[in-house]
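Engineer: Show me the folded form of this:
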Amino acid sequence: MIDEHEWRSILQVAKDGTFSAAAKHLYISQPSLSQCIKKVETELGARLFDRTQNPLVLTSAGKIYVRQAKEILRIQKALVQEVADLSELRTGSLTIGSSRTRSACFLLNPLVAFHQKYPGIQIFVREAPVRTLEENAASGDVDFALLYGTSGRRDLISLPLCREHVLLAVPKTHPLAAMRQKESSIELPRISFSAMSDESFIKLQPFRQMADVFDKLCEATKVRPHVVFEANSIIEAAELCAAGMGATLVTDMLARSWRWRQEAVFFELEEDIAERELLAVYNKKRRLSLAAQKFIEFLRTE
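Structural biologist: All right, here's what the predicted structure looks like:
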């Protein structure tokens, strides 16, 4: 009843909701998977899945089995981590959950530096939306995830990494760009968002965090830029801005770290905008591996 092949198969079926999808992920035939599940159910004397439902639904016995199987998986991962730690980072692996923007702007240099110091550690970056990243951190599918805050789950621990603040970006052909070019100070010039009244602007789609910042700035300054495009990511917005399509909002991390194909011009905003704190988030029941601890140190020095 504790055969690894069996409990991993049941976990996959519970995740995918169908035998056919789970069989594809497990690289086995559907009849073989069905036979495996039936064997476990016979040994337990109880059904694990309600096969009248589509997708499949766990029975009461199935919920118990899955809960305990996940605990076995957690213990197995912890064992592998602790043994890997004994090698003093000569071998092992590290999986990081991240958004595409964080991967491109925050992880690139630390990944290279970490690999140069610990070449025996395999590193995987799993990119996903914020909600999925939080679930991945809670389930242990990643060692830790990079998030701006959490939904308040008590099963997660958050380690602060750095703070970001919002900048205004305009194309280098924009009239405001001349102001930046005349500044001799290293610090960015400050400007009010009210300067964007009726200006062409690239905002992010409503479900993005920066879209909320845009709306709050519009409300605070009583101006409404002319939105010419709604971007799916802050990187997409920044590149379109640099190409001359319009102004947009970026973070100082993006301005500093992104490998720009074309130049953009950046300004501090006079309006009060709360800084965003980037966190490394992981399940508090899991022991943070030595590789994860060391990588977080690299992130904090970035």
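Engineer: now the strands for the protein?
Structural biologist: Taking DSSP state E, the strands of the chain run over residues 49-50, 57-58, 92-98, 121-127, 144-147, 156-164, 166-171, 190-191, 200-204, 226-231, 248-251, 264-269, 276-283.
Engineer: Each with direction, which strands does the fifth one pair with?
Structural biologist: What it means is strand 144-147. With DSSP bridges as the test, strand 144-147 is paired with strand 92-98 (parallel), strand 276-283 (antiparallel).
Engineer: Switch the strands of the chain over to TSV, and while doing so, append mean pLDDT and distance to residue 43 to every line.
Structural biologist: Backbone N, C-alpha and C define where each C-beta goes, glycine included. Compiled in TSV, the strands of the chain are given as follows (pLDDT from 0 to 100; distance: least, CB to CB, whole Å):
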stretch	mean pLDDT	distance to residue 43
strand 49-50	92	15
strand 57-58	92	17
strand 92-98	92	33
strand 121-127	93	34
strand 144-147	94	36
strand 156-164	91	35
strand 166-171	95	58
strand 190-191	92	70
strand 200-204	96	52
strand 226-231	95	53
strand 248-251	94	54
strand 264-269	92	63
strand 276-283	91	30
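Engineer: Tabulate the ones you listed in TSV, adding columns for distance to residue 8 and mean neighbour count.
Structural biologist: Shown next, in TSV, are these (distance: least, CB to CB, whole Å; neighbours: other CB atoms under 10 Å):
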stretch	distance to residue 8	mean neighbour count
strand 49-50	15	16
strand 57-58	16	16
strand 92-98	17	22
strand 121-127	19	15
strand 144-147	23	26
strand 156-164	24	16
strand 166-171	44	23
strand 190-191	56	14
strand 200-204	39	22
strand 226-231	40	15
strand 248-251	40	26
strand 264-269	48	21
strand 276-283	19	21
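Engineer: Rebuild the ones you listed as CSV, extending it with distance to residue 20.
Structural biologist: Below are those laid out as CSV (distance: least, CB to CB, whole Å):
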stretch, distance to residue 20
strand 49-50, 13
strand 57-58, 16
strand 92-98, 27
strand 121-127, 24
strand 144-147, 30
strand 156-164, 33
strand 166-171, 46
strand 190-191, 57
strand 200-204, 37
strand 226-231, 37
strand 248-251, 43
strand 264-269, 48
strand 276-283, 30
